[in-house]
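In: Return atomic coordinates for the entry below.
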Amino acid sequence: MIRCTLYKIKKKEWEKYGRCPHIYHCTSYGNETCIRTHDLYITNKAFNPKKDVGRFFKEEVKSLAKEQKAELKSDKMKVLHIGAAGMEPTLLTEYYRKKGIVSHMLLHSMTNVRVNYDINLSVSPYLFSVAHNIRSMIKNLFNGNLRDIFKYDVYHIHWGAFLLPNQIDLWFLKNKLGKKVLLDWKGQDVRMWDFNRIPWLTKIRQTATTPDLVDYSLFPGQIEWVPFGIDLGKLDSMREKKKFSEDNPLIIHPTNNWPVKGTESILRVIKELKKEKRYKFRFLLNNNLPYDQTLRNYLRSDICVDWMNHLYGTFCAVSIENMALGNVVCASTNNQHMELMPDCPVVDVQPHSLKEKLIYLIENPSVRKDLGRKGVKHTHKVYDIKNSAKRYLEIYNEL
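Out: Here you go, the predicted model:
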């Protein structure tokens, strides 16, 4: 795959032009990767970190508890997860703790409400003012954060969570301090900003949670796919309470990014089906709802329409959680990626085929039940957090 850049995208240049900057000489806008990057930028442009961060929460410095500081003196393996305290990093941290590994979560800044983190430096040249960063650094100096963060053996970096410009801090950790560093890409860190192309990062071990990110590898083997891990125990318990609707299925479309998710095309198809009045179904647009409410909506659904965008050809947490709950999942897939998951029951849909396939699923409850059973089986085989945690642990030992 040909990329329109030879180096990482220059963030400030994108902001200056409000589009793909002229310095990349990508005048045709015909390269799929270029289109995808442009669309990602435009849909994320509306978020103003310096203005919006304060609306979500009060950003505060946080340090390790006394007993956690004592753990850093032990002979156990010590792993620091760095990045937004999302679902998978939190589950990994909890799993390793149960296995007797010292495992903590560090944030240096947040752009959303996050929980279950142990350290927050509250420092970012992009998100916060100079005055805020100075105050935070003084607090980090006195509470021990600036000493504690260098006491780990393994640094697992999620979502391209870097602190210093050009990610030079990771080069320093690996080459000057001799630490084990793993880069774990989640999406826009590679799709949008090309972080994996930074020269001094190419020699650091890299993984990704979705198969499409492997396509961005500069050379064979640069990025390894380690499937996104979820808490199947919780979802299995929820599924026991699930009630399927044979005659009036609920179709759900979860989205927080309409252009990228293909939401407009999906709504157009739903409108056509309702207008025909021949097919009995319900529809729920799960738009930017809190996670707990979203999970409850998944539980009462029968069919989930996830990403319908051939430029990505992939799926992640939304589809995986719906499969784990026994729902039929529809998404635009990529044959090359699906070869890695031969038993995956995700129904491939495109704008021209979504209507036909939804009609088939609405009219065939037995097919829905069969695909639902296959989805549950597939998630247990591929997406159990225990499997992902074990693979990461093997990688830690190989570093």
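In: Residue ranges of each domain in this structure, please.
Out: 11-46, 53-227+385-398, 232-382 (automatic domain parsing).
In: Strands along the chain, start to end?
Out: Ranges of strands in the chain, per DSSP state E, are 78-82, 102-107, 119-120, 154-158, 180-185, 205-208, 223-225, 250-255, 282-287, 303-305, 328-331, 347-348.
In: mean confidence score for the last one?
Out: Averaged across strand 347-348, pLDDT comes to 96.
In: cool, the third one as well?
Out: Taken as a whole, strand 119-120 carries a mean pLDDT of 90.
In: Tell me where the model's unsure across the protein.
Out: Scanning the chain with the threshold set as pLDDT under 70 gives 1-58, 84-85, 110-115, 126, 161, 163-166.
In: In it, where's the longest helix?
Out: helix 365-382 (DSSP state H).
In: and it, what does it pack onto?
Out: Counting contacts by 3 or more CB pairs under 8 Å, 6 or more residues apart in numbering; DSSP states H and E, helix 365-382 packs against helix 232-239, helix 317-324, strand 328-331, helix 354-363. In this view, the C-beta of every residue, glycine as well, is placed from N, C-alpha and C.
In: how far away is the spatially most central residue of the chain from Gln206?
Out: The residue lying closest to the centre of the chain (CA atoms, centre = their mean) is Lys186, at 4.4 Å. According to CB to CB, to the nearest Å, Lys186 and Gln206 sit 12 Å apart.
In: thinking again about what came up before, nearest to Arg147, of the strands of the chain?
Out: strand 119-120 (11.6 Å; CB to CB).
In: For that closest one, name the packing helices and strands.
Out: strand 102-107.
In: Parallel or antiparallel, which strands does the strand it packs on pair with?
Out: Strand 102-107 pairs in its sheet with strand 78-82 (parallel), strand 119-120 (parallel), by DSSP bridges.
In: Out of those strands, which is closest to Ile230?
Out: Using CB to CB as the measure, strand 78-82 is the one of the strands paired with strand 102-107 that comes nearest Ile230, at 16.4 Å.
In: partner residues bridging the residue nearest to Lys174 when sequence neighbours are not counted?
Out: Spatially, and ignoring its direct neighbours in sequence, Lys174 is nearest to Val181 (4.7 Å; CB to CB, 6 or more residues apart in numbering). With DSSP bridges applied, Val181 shows beta-bridge pairing to Tyr155.
In: Pretty sure Val181 sits against Leu201.
Out: No: if you go by CB atoms under 8 Å, Val181 and Leu201 don't touch, sitting 9.2 Å apart.
In: quick revisit: the residue nearest to the centre of the chain reaches Ile157, doesn't it?
Out: No: the pair Lys186 / Ile157 is not scored as a contact, 10.3 Å apart, by CB under 8 Å.
In: returning to what we had before: got any residues that touch both of Val181 and Leu201?
Out: Residues touching both Val181 and Leu201 (CB atoms under 8 Å, 6 or more residues apart in numbering): Leu170.
In: list the contacts for the closest residue to Asn175 other than its chain neighbours?
Out: Closest residue in space to Asn175, ignoring its immediate chain neighbours: Trp200 at 7.9 Å, by CB to CB, 6+ apart. Residues in contact with Trp200 (CB under 8 Å, 6+ apart) are 167-168, 170-171, 175.
In: Which pair in the residues you listed has the greatest spatial separation?
Out: By the measure CB to CB, Gln167 and Asn175 form the most distant pair in the contacts of Trp200, at 12.7 Å.
In: Who has more neighbours out of these two?
Out: Each of Gln167 and Asn175 has its neighbours counted (other CB atoms under 10 Å); Gln167 has more, 20 against 13.
In: What are the neighbouring residues in contact with the more buried one?
Out: Counted by CB under 8 Å, 6+ apart, Gln167 has contacts 160, 195, 198, 200-201.
In: same check, this time on Asp302
Out: 244-245, 249-251, 327-328, 368.
In: Could you count how many residues lie near Leu285?
Out: Neighbour number of Leu285 under other CB under 10 Å is 15.
In: Give me the nearest residue to it, chain neighbours excluded.
Out: His253 (5.7 Å).
In: Surely the one you found is in contact with Thr263?
Out: Yes: using CB under 8 Å, His253 is in contact with Thr263, at 6.6 Å.
In: shared neighbours, these two?
Out: Leu285.
In: quick one, which of those two is more surrounded?
Out: Between His253 and Thr263, counted using other CB under 10 Å, His253 has the larger neighbour count: 24 against 21.
In: Show the contacting residues for that one.
Out: Neighbours of His253 in contact, by CB under 8 Å, 6+ apart: 261, 263, 266-267, 283-286, 304-306.
In: Okay, Ser217 and Trp225: tell me how far apart.
Out: Separation of Ser217 from Trp225 (CB to CB): 10 Å.
In: hang on, the earlier thing: mind putting the strands of the chain in CSV, distance to Arg191 included?
Out: As requested, those are exported to CSV (distance: least, CB to CB, whole Å):
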stretch, distance to Arg191
strand 78-82, 20
strand 102-107, 22
strand 119-120, 26
strand 154-158, 15
strand 180-185, 9
strand 205-208, 10
strand 223-225, 12
strand 250-255, 17
strand 282-287, 22
strand 303-305, 21
strand 328-331, 16
strand 347-348, 20
